[in-house]
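1. Generate a structure from the sequence data that follows.
(2 chains)
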Amino acid sequence: MATETVVHTALTLTDQLPALQIVVPFVAAPLIVLLGGRRWAWPIAFAASLASLVIAALLLASVLDGSIISYHMGGWAPPVGIEYRVDAANAFVLLLVSAISTVVLPYARTSIAREVSERHHALFYTAYLLCFSGLMGVAITGDAFNVFVFLEISSLSTYVLIAQGAERDRRALTASYDYLIMGTIGATFFVIGIGFLYMATGTLNLADLADRIADKGDSRTIRAAFAFIVVGIGLKVAMYPVHRWLPNAYTYAPSAITAFLAATATKVAVYVLLRFVFSVFQPAFIFEVHTLEFIILPFALVAMFACSFVAVFQSDFKMMLAFSSVAQIGYILLGISFLNETGVTAAVIHLFNHGITKAALFMAVGAYVYSAGGSFYDTMQGLGRRMPLTSAAVVIAGLSLIGVPGTAGFISKWVLVQGALEKGWWPVAILIVGSSLLAVIYIWRVIEVLYLQPTPEDSRVREVPMSMLVPIWIMTLACIWFGLNTDMTMSAAQAAARGLLAGSAGMMGQ
Amino acid sequence: MLDALPTAFLFFLAALILPILPRGPLRSLLVLIVPVVAGLAVYALPMGNLVQAEFFGFTLDLMRVDPLSRVFALLFCIAAFLGGLFAWHLRDTVQQVAMLLYVGAAIGAVFAGDLVTLFFYWEGTAISSVFLIWARRSEASYFSGMRYLTIQIGSGVMLLAGIILHYSATGSIAFDAMTLDSPASWLIFIAFGIKAAFILLNNWMIDAYPSATVTGTVILSAFTTKLAIYALARGFAGTELLIYIGAATAVYPLIWAQLENDLRRVVAYALNLQQGFMFVGIGIGTELALNGAIAHAFVGVLYGMLLFMTLGAVMYRTGTSRATDLGGIYKTMPLTALFCLVGAASISAFPLFAGFVSKSLIISAAAKGSHYVVWGCLLLASAGGFLVCGLKVPFFAFFSKDGSLRPREAPGHMLLVMGLTAVLCVLAGTNPTALYALLPYDVSYQPYSTGHIITQLQLLLFSALAFALLLPTRLYPRPNPTVNLDFDWVYRRLLLGAIGLLAIPVRGFFRALDRFKAGPLKALIRTLYNTYGPMARTSQFWPTGAMVLWIAILLGVTLLVSYAS
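-> Residues are numbered from 1 along each chain as shown, chains lettered A, B, ... in the order given. The predicted model follows:
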């Protein structure tokens, strides 16, 4: 394993990139409040997000060869000091989160203007940036407790953001409250798990943890820590059956927030799960193998079907997509439970591909809300003729969700099926294809509503403005681009999977 | 210059340009010119794997040019030209674009050197062609199109599954000859079989062809099934099973064609029957037989299109293709009637017409390989085919009792293209060496031996005699205005003997399918709705406590599993 660790010595700007990645959005957030103006809120948020995107791209480029960047916060060397640690796996997540954010923000400006009253805008973008920096922080940090802190930063601001949907539908408040309870329990479990780990090893640095667990081997404390962390993060991932907060939260949040969260929040949580399951704990531990095989795998399969069935019968486009998200998370967890390189590659690549697909779809939902005033199938009847561009994007992104060849969704399912076959798990491979057929049904229902039902005579619905269409189409074209040109995603996902599966060996050498 | 560009892309490019052009003749012209350019390009192509592309770690061969793929590509270009000319009057963007994409995908599939490319184009033909059915814009055609699409996509999914298995077993995606010895090759075989309309997998063909638009049917008849013939010839030449499937496929549609009232469906049955001949040829797998199958596919496209064109022209003028509504219109549509007779003579394999020179190749090959039962089936199918299509279609459409219909002669461009196709049919029949020269294998064969001609004429004349005798005595089933599937089956046995027995399990199967749809399937959907529908527990708001309970359960189970291991 090429694990060349670059310790920062020279203090050029390039060396400070890992810190800037977090500091830029984190400082920009209070800046919005300090400047106080609604006028500056959006430009600052966008600039911060764009800067993060550039930094993330630079970081990914420098770790794609399998090397690792270790940044010591404040010059304190780990394991005592806090370490930021960038490798292919989390650079990939950083890029995904910042890219989605940068595309969604221009869309949010128009969409939020209609969905959230103006006096909340400055605070809205502040919360947005906090959520964004929290998610980025979770991905970049190399310290277990720091993960918890950033997770809480992003969660707390997420509750606020979801509750902003209350102006359109009061149920946003219950949804946000439920998520608050669930998220807090999840975070508590997570921090209990970390407590156990600290008890067993006396360290909080992830790399150090991994080494010490590898040295000491299996113990009851470590097993308990593992169970608590898996369930705690499982909540954040929206693993079946603790997924119930997700559909409501996604349905009642403002459209732009749903698009952003669906593409990023659960994905970051999946990253944390990957990090703990593969890097911190040993994939060789028998209790881990059993947990994955007897708990994660069956529940992933159940999620793929149960939630797809629910999605089939929904009458609200947004709710349908939310349930479909839980089903798709099933695919990701399934890939993880294979415990082989192909499976983990599939999980990582689906994390990305599903992120862009769902971002496109949820943004399209927002477009219908913007123009037609709702996302129920009743209100969307025949809008394929009134909103041709948005609807065409729904069709393409929908095909990607199904996994039609030539779209991004196909690539991840292909790799996933390969992973199942590598394991010799035939029935699982068939189930993957079978649940894709359910996706055909629920996407077809939308297409039927949009194109095959008559447009109401008195409908005055018009296509949404460019500021919304362009982000929708960037994501839609990305679905096709990453379906045809797989070099970048595949190589990054493979590098990430290899790094993750190398377990603690990926962290040594400092 | 055109070497570097896969031929299929020419069509896709044209499909992109077409909507930009102003509505009118310019678009029709584009639809006409592209096949000509493509055809000339294909004719001039050197052999070999010309274009490669990297995809997802695979090297895809987009242009495998060899004698087998070239003859099909040429055929498709000719068919596209004829179809385009027939559709000259069309002012429907959807149909024109779908047509170009469909032809492009079919040609792309023929040139595909590997299974992944084949799969892409395979699905491409399915998706693009369904618009030719939907373009009729009626409720019936919508549902018919849905059924067609479901079956075609089903074929694609099976193909994909087969490819994945094949790849994981062999590590190769090359599309070469296969043997039926693994689940992978069986899946691929059945996927091909669905598109090729094997017996019992053929319903989509009868269902979809007559549901398409007047022009759509003409186009549809030329590509999908012939693409499958190509795929079978490439992948499964010499597979013995195909011989028996072919014999059964050649005989089975006879019954149904006999009872059918819609003449376009009759032609669809007759074309299905011809597919059987091709399967036999491929199944025998000798060079002679393969040449026969390919030649038969070639002329099959010509006379299939010709028959659908003449019926299309009738429909264009009268709005119907039902035997009971037509009749006596040869007086006002004499040329169309003449062309229909040429098509009928060709499909019935009259000497001097196209079908004869190809069919006799296959029948000779069957006789040479000592497949006497199969040989008998093919003779029966020849005679029966003549009876149910060669005589029935022209007779009931143009002659028969004189109705009150006095339609005008078909429009000029239709007459032109029908004439052109008819001339091609006659040319292929009278000058077989030109046709044989196109075929991939070098086989010297003389169709016009005394023996062949006498056998064939005996067959045809006695069938004609039977038709002439049965018609006045009312033993020949007069077309019924309603399609009656419960037709007295004793009568059917009288006519076609043992074959009628086959209908029982088939009917039983479809009855069971209907019952399943009405009973268990409905119940299943109701159960699913009750479990997962909007009013069910799974999709309602959960009380917070219930969610927390689930967390506790999950944690408990996880702890248990990790402690117990």
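2. okay, whichever residue of the stretch 401-550 of chain B sits closest to chain A: pLDDT?
-> Proximity of the stretch 401-550 of chain B to chain A (C-beta to the nearest C-beta) peaks at B:Tyr532, 3.7 Å away. C-beta coordinates here come from the backbone N, C-alpha and C atoms, glycine included. On pLDDT, B:Tyr532 comes in at 77.
3. Can you tell me how far it is from B:Ile504?
-> Per C-beta to C-beta, to the nearest Å, B:Tyr532 is found 39 Å from B:Ile504.
4. same deal with B:Ala289?
-> 32 Å.
5. neighbour-wise, which of these two wins?
-> More neighbours surround B:Ala289 than the other of B:Ala289 and B:Ile504, with 27 against 10 (other C-beta atoms under 10 Å in any protein chain shown).
6. which residues touch the more buried one?
-> B:280-283, B:361-362, B:365-366, B:369 (C-beta atoms under 8 Å, 6 or more residues apart in numbering or on different chains).
7. Can you pull out the low-pLDDT segments for chain A?
-> Residues of chain A meeting the criterion pLDDT under 70: A:1-11, A:503-510.
8. what about residue 50, how many neighbours?
-> You didn't say which chain, so I picked chain A. Other residues lying near A:Leu50 total 15 when counted by other C-beta under 10 Å.
9. wrong one, chain B
-> 20.
10. Quick check on it: phi, psi?
-> phi -90, psi -40 (degrees, to the nearest 10).
11. ok, back up a step: right, and the pair among the contacts of B:Ala289 with maximum separation?
-> The most widely separated members of the contacts of B:Ala289 are B:Gly283 and B:Leu361, with 14.1 Å between them, by C-beta to C-beta.
12. residues contacting the residue lying closest to B:Gly369 once chain neighbours are set aside?
-> Nearest non-adjacent residue to B:Gly369, counting by C-beta to C-beta, 6 or more residues apart in numbering or on different chains: B:Ile284, 5.2 Å away. Residues near B:Ile284 by C-beta under 8 Å, 6+ apart: B:238, B:243, B:290, B:365-366, B:369, B:371.
13. do that again at 7 Å, thanks
-> For B:Ile284, the contact set (C-beta atoms under 7 Å, 6 or more residues apart in numbering or on different chains) comprises B:243, B:365-366, B:369.
14. Inside helices: which ones of those residues?
-> B:243, B:365-366 (DSSP state H).
15. Most neighbours out of the residues you listed, which is it?
-> Using other C-beta under 10 Å as the neighbour test, the ones in helices among the contacts of B:Ile284 are led by B:Ala366, with 28 neighbours.
16. quick one: it from chain A, how far?
-> Note on B:Ala366: its distance to chain A, by C-beta to the nearest C-beta, to the nearest Å, is 39 Å.
17. any chance you could map the strands in the stretch 51-200 of chain B?
-> Ranges of strands in the stretch 51-200 of chain B, per DSSP state E, counting those that start in this stretch, are B:52-55, B:58-61, B:64-65.
18. and the ones you listed as a markdown table, adding mean pLDDT, mean neighbour count and distance to A:Phe226?
-> Formatted as a markdown table, these follow (pLDDT from 0 to 100; neighbours: other C-beta atoms under 10 Å in any protein chain shown; distance: least, C-beta to C-beta, whole Å):
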| stretch | mean pLDDT | mean neighbour count | distance to A:Phe226 |
| --- | --- | --- | --- |
| strand B:52-55 | 79 | 13 | 40 |
| strand B:58-61 | 83 | 18 | 39 |
| strand B:64-65 | 88 | 22 | 53 |
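19. Please identify which of these is closest to chain A.
-> strand B:52-55 (7.5 Å).
20. Output the contacting helices and strands for that closest one.
-> Packed against strand B:52-55 by the contact rule (3 or more C-beta pairs under 7 Å, 6 or more residues apart in numbering or on different chains; DSSP states H and E) you find strand B:58-61.
21. which residues are in contact with the strand it packs on?
-> Taking C-beta under 7 Å, 6+ apart as the rule, strand B:58-61 contacts B:49, B:52-53, B:113-114, B:116-117, B:173.
22. quick one: which of those is nearest chain A?
-> Chain A lies nearest to B:Val116 out of these, by C-beta to the nearest C-beta, at 8.6 Å.
23. For the residue lying closest to the closest one once chain neighbours are set aside, grab phi and psi.
-> Setting aside the residues directly before and after it, B:Val116 is nearest to B:Ile173 in space (C-beta to C-beta, 6+ apart), at 5.4 Å. Note on B:Ile173: its backbone torsions stand at phi -110, psi 10 [degrees, to the nearest 10].
24. Over to B:Arg406?
-> Main-chain torsions, B:Arg406, degrees, to the nearest 10: phi -130, psi 70.
25. can you tell me which residues contact B:Leu271?
-> Counting by C-beta under 7 Å, 6+ apart, B:Leu271 makes contact with B:221, B:300, B:304.
26. restrict those residues to contacts with chain A.
-> Near chain A, taking C-beta under 7 Å from any C-beta of the partner chain as the test, no member of the contacts of B:Leu271 is found.
27. Let me see the ranges of the helices in the stretch 401-510 of chain A.
-> Using DSSP state H, counting those that start in this stretch, the helices of the stretch 401-510 of chain A run over A:408-423, A:426-447, A:466-484, A:487-501.
28. Could you export the ones you listed as JSON lines, including mean neighbour count?
-> Below are these laid out as JSON lines (neighbours: other C-beta atoms under 10 Å in any protein chain shown):
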{"stretch": "helix A:408-423", "mean neighbour count": "23"}
{"stretch": "helix A:426-447", "mean neighbour count": "18"}
{"stretch": "helix A:466-484", "mean neighbour count": "21"}
{"stretch": "helix A:487-501", "mean neighbour count": "21"}
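29. wait, which of those helices is closest to chain B?
-> Closest approach to chain B among those (C-beta to the nearest C-beta): helix A:408-423, 5.3 Å.
30. quick check: angle from the closest one to helix A:487-501?
-> 40 degrees (axes from the mean of the first three to the mean of the last three C-alpha atoms, to 10 degrees).
31. Show me what helix A:408-423 is packed against.
-> Checking 3+ C-beta pairs under 7 Å, 6+ apart, helix A:408-423 ends up next to helix A:317-337, helix A:341-372, helix A:388-402, helix A:426-447, helix A:466-484.
32. Turn those into TSV, columns for distance to B:Gly156.
-> As requested, the helices and strands packed on helix A:408-423 are exported to TSV (distance: least, C-beta to C-beta, whole Å):
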stretch	distance to B:Gly156
helix A:317-337	21
helix A:341-372	21
helix A:388-402	13
helix A:426-447	12
helix A:466-484	17
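33. Can you give me the neighbour number for B:Arg23?
-> For B:Arg23, using other C-beta under 10 Å, the count is 11.
34. just the one 10 residues further on next, same as before
-> Residues within reach of B:Ile33, counting by other C-beta under 10 Å, total 13.
35. quick one, phi psi at it?
-> phi -70, psi -40.
36. Could you check how far it is from B:Leu85?
-> Taken as C-beta to C-beta, the span from B:Ile33 to B:Leu85 is 11 Å.
37. Chain B contacts on the stretch 251-400 of chain A?
-> A:286-287, A:290-291, A:294-295, A:306, A:309-310, A:313-315.
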